[in-house]
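S.K.: predicted model and sequence follow; I will ask about them next.
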Amino acid sequence: MKPHSVFLRKGCVLPGHLDPVRSPYGDKWKLVEEITASIFDTMIRQAGWHSMWMPGSCSRRGFGLTAAKATHRALTRGLNAVPRQFNAAELQSVYVSWYPGFCVASVTLHPREVMHSSMVEITPEERLRTAHARKAKDQFA
């Protein structure tokens, strides 16, 4: 796994003509193949959409008998920690330590948001409250 890899939450909508090769990663995510975050960001912006790097990060550790297994476990845990309101994540770093009989991997991910319209002036918390309010309104309508 390379730093600056992009993961998209299943169901993430992309511009119509943009269809990068994606492979499943766990139950809820897909890895964008062979495209780094900066290139992906450029592609999204050229389509007239927005790809925003959100503040904060998700760091997790994983243990395994091999570096690959430890990294997979840490990455799966990290992706599960990305807040639900974000539909993408960028892998910032992977560090692996070897010990007699096992490996420990530490990963850091940054949430990203891919969207058609820019809501830069609205914080993620405000966007979440608005979404919850809209959902509650729809339930009672």
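M.R.: Thanks, I have the structure now. Numbers count the residues shown, from 1 in each chain.
S.K.: you'd agree residue 69 is in a helix?
M.R.: Yes: counting by DSSP: H, G, I helix; E, B strand; the rest coil, residue 69 is found in a helix.
S.K.: what residues are up against it?
M.R.: The contact partners of residue 69, by CB atoms under 8 Å, 6 or more residues apart in numbering, come to 62, 103. In short, each C-beta sits where N, CA and C put it, glycine included.
S.K.: report pLDDT for it.
M.R.: Per-residue pLDDT puts residue 69 at 97.
S.K.: against residue 41, how distant is it?
M.R.: Between residue 69 and residue 41 the distance, using CB to CB, to the nearest Å, works out to 31 Å.
S.K.: go on, residue 70?
M.R.: Residue 70 is 29 Å from residue 41, by CB to CB.
S.K.: try residue 65
M.R.: Counting by CB to CB, the gap from residue 65 to residue 41 is 36 Å.
S.K.: who has more neighbours, the two?
M.R.: residue 41 (19 against 10; other CB atoms under 10 Å).
S.K.: what about the more buried one, which helix or strand?
M.R.: Per DSSP states H and E, residue 41 falls inside helix 37-46.
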